[in-house]
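**Student:** Have a look at this prediction, sequence included:
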Amino acid sequence: MSLESIIVTITPDRLREIQRLPVIPAHAVYRMGRGPHLFRANGATAPRGGMMLLDCRTFDGLGAAAPFCQEVIQECSARGFTGVVCDFEAGRLPPLEQVVRELGSQCRRRNWTLIVPEQYGHCSEHALVMISSALSGGSLQQRLQEAVERFGAARVALAVERVAEDFFLPSPTGQGMPLTREELRQRLEERAPSVFFSSELCAHYFTYMSRQNGAHFVLFDDAGSIRKKLQVARNLGISSAVLAYPQVDDLLPELLK
């Protein structure tokens, strides 16, 4: 993969599967709850090393940012974490912007890494900004180039999202139906299509006809296409990537070669 930092978001029950791999675990056991206060999943053992993955789905938007950020910093210090990955939902909330600003300053002082979604990238000049690899149109090269021009290559992290979607044609919304690995395998076996590679999307695709609803376009990733996405990022000077382990658990050892 040849990137400096490979961050893998992972739950405690699967942590052993990556212990021998040259990756940084981001522990998916923390959430930002009401207050706001920092909570750890019930029954989860306290992880050590790696980074904190911070989920905000139960945050009610109320309360002061500074005391919450202090809770985050204290937990990171106690667990030997070297940073925080903010797994914030789409959209921008002013309280979460304040959290990013405060965490950016606190992490900077400790030489820790803060990674945030693109919509929060403006909140802290010290944060790495996640740019998703998932596209249904356009060019990944151009998408990342624009991010590099906006934030600088040192502040961009490629968020690898494994794609497997079935689109009706035409697709005015650009939204497809997500496919499980088994559903994708079945389509490939049943249709035996000619599979092509899109250098713009860095993904494989094929088309097929259905008697029920006409033409379909299927876009999907495998180890080869994900390696290509990482190569595009690397060529632009991007040195960090974030991957969700459930999406790439069958590919990760091959990706790290």
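**Tutor:** Done, it's in.

**Student:** Packing partners of the longest helix seen in the chain?
**Tutor:** What stands out as the longest helix in the chain, according to DSSP state H, is helix 94-110. Here helix 94-110 touches helix 65-79, strand 83-87, strand 113-117, going by 3 or more CB pairs under 8 Å, 6 or more residues apart in numbering; DSSP states H and E. No exception for glycine: its C-beta is placed from N, CA and C like everyone else's.

**Student:** For residue 8, find the nearest of the ones you listed.
**Tutor:** strand 83-87 (10.2 Å; CB to CB).

**Student:** Now that closest one: average pLDDT?
**Tutor:** Average pLDDT, strand 83-87: 97.

**Student:** Sheet partners, orientation included, of that strand?
**Tutor:** Strand 83-87 pairs in its sheet with strand 51-55 (parallel), strand 113-117 (parallel), by DSSP bridges.

**Student:** tell me the SS of residue 183?
**Tutor:** helix (DSSP: H, G, I helix; E, B strand; the rest coil).

**Student:** Next, count neighbours for it.
**Tutor:** Look at residue 183: counted by other CB atoms under 10 Å, it has 14 neighbours.

**Student:** sorry, back to before: so which of the helices and strands packed on helix 94-110 gets nearest residue 52?
**Tutor:** Nearest to residue 52 among the helices and strands packed on helix 94-110 is strand 83-87; the distance by CB to CB comes to 4.8 Å.

**Student:** Touching, residue 89 and residue 56? I think so.
**Tutor:** Yes. Between residue 89 and residue 56 there is a contact at 6.7 Å, judged by CB atoms under 8 Å.

**Student:** Any stretches of this structure with poor pLDDT?
**Tutor:** 1-2, 43-44, 90 (pLDDT under 70).

**Student:** change it to 80
**Tutor:** 1-3, 42-46, 89-92, 136, 171-174 (pLDDT under 80).

**Student:** How about residues contacting whichever strand in it runs longest?
**Tutor:** Criterion DSSP state E: the longest strand present in the chain is strand 24-33. Residues outside strand 24-33 that contact it (CB atoms under 8 Å, 6 or more residues apart in numbering) are 5-12, 15, 18, 38-41, 44, 47, 49-59, 68, 75, 81-82, 85, 87, 99, 242.

**Student:** Now do that strand: distance to the chain's middle.
**Tutor:** Its chain's average C-alpha position is 13 Å from that of strand 24-33, according to CA atoms, centre = their mean, to the nearest Å.

**Student:** Who does it pair with, and is each partner parallel or antiparallel?
**Tutor:** strand 5-10 (parallel), strand 37-40 (antiparallel), strand 51-55 (parallel).

**Student:** Of these, which is nearest residue 235?
**Tutor:** Each of those has some distance to residue 235 by CB to CB; the shortest is strand 5-10, at 16.8 Å.

**Student:** now what about stretch 187-202, what contacts it?
**Tutor:** 133, 135-141, 166, 179, 203-208, 218-219, 225, 228-229, 232.

**Student:** got it, and stretch 242-257?
**Tutor:** 1, 6-11, 14, 17-18, 21-23, 26, 85, 115, 130, 157-162, 181, 222-223, 226-227, 230.

**Student:** So among those, which ones count as buried?
**Tutor:** With burial judged by 16 or more other CB atoms under 10 Å, the buried subset of the contacts of stretch 242-257 is 1, 6-10, 18, 23, 26, 85, 115, 130, 157-162, 222, 226-227, 230.
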